[in-house]
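>>> Following is a predicted model, sequence given first.
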Amino acid sequence: MPSRKSTVSNLTKASRKTSAKESTPQSHSEGIPAPARFVLVVLSSLVLSSALFTATSVVTIGDLGFVSKHLETWWEVGGLIAWRAVELGLAWVLGFDGRDVAFFTLITHLPTFSLLSSFYGVRPTTTLTSMAITLVSNTVPFILLRGTRWVHNLNEAPVHAVSNRLILQDTPTTIYTSVAASAIYAVFLYTSFSTWLPAFLVVHFEDIPDIRTAHAGPAGLPVLFLSLIPLGYAARDFLFVSSTGWTDAPDAAKTDAVVEGEFLVSQLYRKTWGSFFPKTKILVSRTVLLAAIVLLNTVIQVAGTVKGVDVEGAAAWGSIWAAATVAIGATFGWIERVDGV
């Protein structure tokens with residue numbers, strides 16, 4: 001007859017296995033093989049984007065046509081399509097659901113649309129329409145072909161599927177973390193506007209029509225901050241929510257154990273990255289990924305599609321947003337170090 005200690009241990013292990021299983025996304029199309037679903041995601045996203053831009057060309061074609069480069073070679077067009085597939089591929093491989101993809105797309109594409117709206121005189125209707133099309137065409141395929149993660153569906157999530165449920169559902173915490181992220185973006189942009197960016201724009205953005213936004217001064221800071229609140233909420237959800245929902249401690253026995261014949265690199269990995277809490281690993285990896293894609297996407301989209309912009313100029317503009325993203329990730333990491341989070 002098994003001892004009480006053995007029974008409790010078995011129940012604990014079973015609970016952990018159930019929790020791990022329950023935390024995986026629930027797919028609406030489990031009958032379709034994963035490779036086929038990924039191909040469907042990419043193709044449907046491209047088709048949907050093309051169809052929506054064609055349908056709204058009356059709204060967007062004038063403004064975007066004025067600032068867009070004329071792509072003459074096949075590799076220029078193919079490169080943009082390939083980059084779109086890479087973005088979707090990363091989201092698919094990393095297990096993002098529709099909500100993750102929506103916020104990931106908003107954060108990584110907003111620098112481009114913000115540039116067009118602030119300095120190229122592109123109308124708000126054109127900017128919002130183009131941004132909405134990008135969001136919809138990236139998000140809808142994931143909603144249809146991959147289920148929502150439990151951390152984004154707390155009302156139906158099993159008890160052990162999500163940690164820190166009360167924190168994630170707390171309205172003041174949501175407001176504070178969103179406002180903090182928005183403020184960080186605003187401070188980084190305002191500091192750039194007030195120092196090096198105006199002169200840099202003139203040099204690296206040939207024939208840029210209007211740089212008054214960069215010279216708005218303190219009077220423009222409140223408007224800048226308010227315009228970035230949706231971005232702050234997106235960063236909060238993509239970074240803070242996904243990491244705070246996981247709080248399992250690292251295995252101290254594995255971290256401190258001495259393994260005979262172990263390589264130094266392996267030992268360093270085990271005692272550094274391997275010693276982090278799962279939530280810390282999620283936060284760090286998502287922050288690095290987000291900052292890298294913000295920078296790369298801005299360089300590809302701005303230098304590749306906007307007339308008169310060189311790679312150095314696009315990289316500098318993207319680096320402001322990428323640096324702010326890293327600062328936001330560090331801020332959320334500091335918040336998560338508080339006991340009980």
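Perfect, thanks for sending it. Numbering: from 1, shown residues only.
>>> Give me the below-cutoff pLDDT ranges for this structure.
Residue ranges of the chain with pLDDT under 70: 1-30, 247-264, 267, 269-272, 274-275, 339-341.
>>> 90 instead, please
For the chain, applying pLDDT under 90 flags the ranges 1-35, 57-77, 146-166, 207, 210, 215-217, 245-280, 336-341.
>>> Show me which helix runs longest in it.
When the chain is parsed with DSSP state H, its longest helix is helix 311-336.
>>> Please work out how many residues are found near Gly79.
Residues lying near Gly79 (other Cβ atoms under 10 Å) number 14. From N, CA and C alone the C-beta is placed, and that goes for glycine too.
>>> Contacts only, for it.
Counting by Cβ atoms under 8 Å, 6 or more residues apart in numbering, Gly79 touches 300, 304.
>>> Tell me the spacing between it and Ile335.
Here Gly79 is placed at a distance of 39 Å from Ile335 (Cβ to Cβ, to the nearest Å).
>>> Relative to Val241, how far out is Thr173?
10 Å.
>>> scratch that, Leu90 is what I was asking about
Distance from Leu90 to Val241, by Cβ to Cβ: 19 Å.
>>> Of these two, which one has the most company?
Legend: neighbour count by other Cβ under 10 Å for Leu90 and Val241, higher for Val241 (23 against 14).
>>> Can you tell me the SS state at the more buried one?
helix (DSSP: H, G, I helix; E, B strand; the rest coil).
>>> Go ahead and confirm it touches Leu168.
Yes: counting by Cβ atoms under 8 Å, Val241 touches Leu168, with 5.9 Å between them.
>>> isn't there a strand covering Val159?
No: counting by three-state DSSP, Val159 is located in no strand; its state is coil.
>>> Ala314 - how many residues pack around it?
Residues lying near Ala314 (other Cβ under 10 Å) number 25.
>>> Also Val41?
23.
>>> what residues are up against the nearest residue to it once chain neighbours are set aside?
Excluding its sequence neighbours, the residue lying closest to Val41 (Cβ to Cβ, 6 or more residues apart in numbering) is Pro141, at 4.3 Å. Taking Cβ under 8 Å, 6+ apart, we find Pro141 in contact with 40-41, 44-45, 48, 88.
>>> any idea which element the residue positioned nearest the centre of the chain lies in?
Nearest to the mean C-alpha position of the chain, by Cα atoms, centre = their mean, lies Phe104 at 3.0 Å. Assigned by DSSP states H and E, Phe104 falls within helix 98-119.
>>> Past that helix, which element shows up next along the chain?
From helix 98-119, the next helix or strand downstream (DSSP H and E) is helix 124-145.
>>> following that next one, which helix or strand comes up?
helix 165-169.
>>> quick check: angle from the helix or strand following that next one to helix 311-336?
Where DSSP H and E defines the elements, the next helix or strand beyond helix 165-169 is helix 171-194. When axes from the mean of the first three to the mean of the last three Cα atoms, to 10 degrees is applied, the directions of helix 171-194 and helix 311-336 differ by 150 degrees.
>>> neighbouring contacts of helix 171-194?
With Cβ under 8 Å, 6+ apart, helix 171-194 has contacts from 167, 213-217, 220-221, 224-225, 228-229, 231-233, 235-236, 240, 320-321, 323-324, 327-328, 331-332, 335.
>>> now stretch 115-131
So stretch 115-131 is contacted by 53, 56, 59-60, 62-64, 67, 106, 109-110, 113, 201, 205, 208-211, 213-214, 302, 306, 317 (Cβ under 8 Å, 6+ apart).
>>> Quick check: the gap between the residue nearest to the centre of the chain and Trp75.
26 Å.
>>> Kindly report the same for Ile335.
Relative to Trp75, and taking Cβ to Cβ, Ile335 is found at 45 Å.
>>> between those two, who's got more neighbours?
Set Ile335 next to Trp75 and count neighbours by other Cβ under 10 Å: Ile335 wins out with 17 against 9.
>>> looking at it, the more buried one is touching Arg236, isn't it?
No: if you go by Cβ under 8 Å, Ile335 and Arg236 don't touch, sitting 10.3 Å apart.
>>> Is Val294 in contact with Thr108, as I believe?
Yes: taking Cβ under 8 Å as the definition, Val294 is a contact partner of Thr108 at 5.2 Å.
>>> Ignoring the adjacent residues along the chain, who's closest to Phe240?
Phe332 (4.6 Å).
>>> For stretch 113-126, measure first residue to last.
10 Å (Cα to Cα, to the nearest Å).
>>> Show me how far it is from its chain's centre.
Distance of stretch 113-126 from its chain centroid, counting by Cα atoms, centre = their mean, to the nearest Å, is 22 Å.
>>> buried stuff in it?
Of all the residues in stretch 113-126, those buried under the rule 16 or more other Cβ atoms under 10 Å are 113-120, 122, 126.
>>> Quick check: the two most widely separated of these?
Greatest spatial distance among the buried residues of stretch 113-126 (Cβ to Cβ): Phe119 and Thr126, at 14.2 Å.
>>> still on that earlier bit, mind giving me the ChimeraX command for buried ones among the contacts of stretch 115-131?
The ChimeraX selection below is limited to those of the contacts of stretch 115-131 classed as buried (16+ other Cβ under 10 Å):
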select :53,56,59,60,63,64,67,106,109,110,113,201,205,208,211,213,214,302,306,317
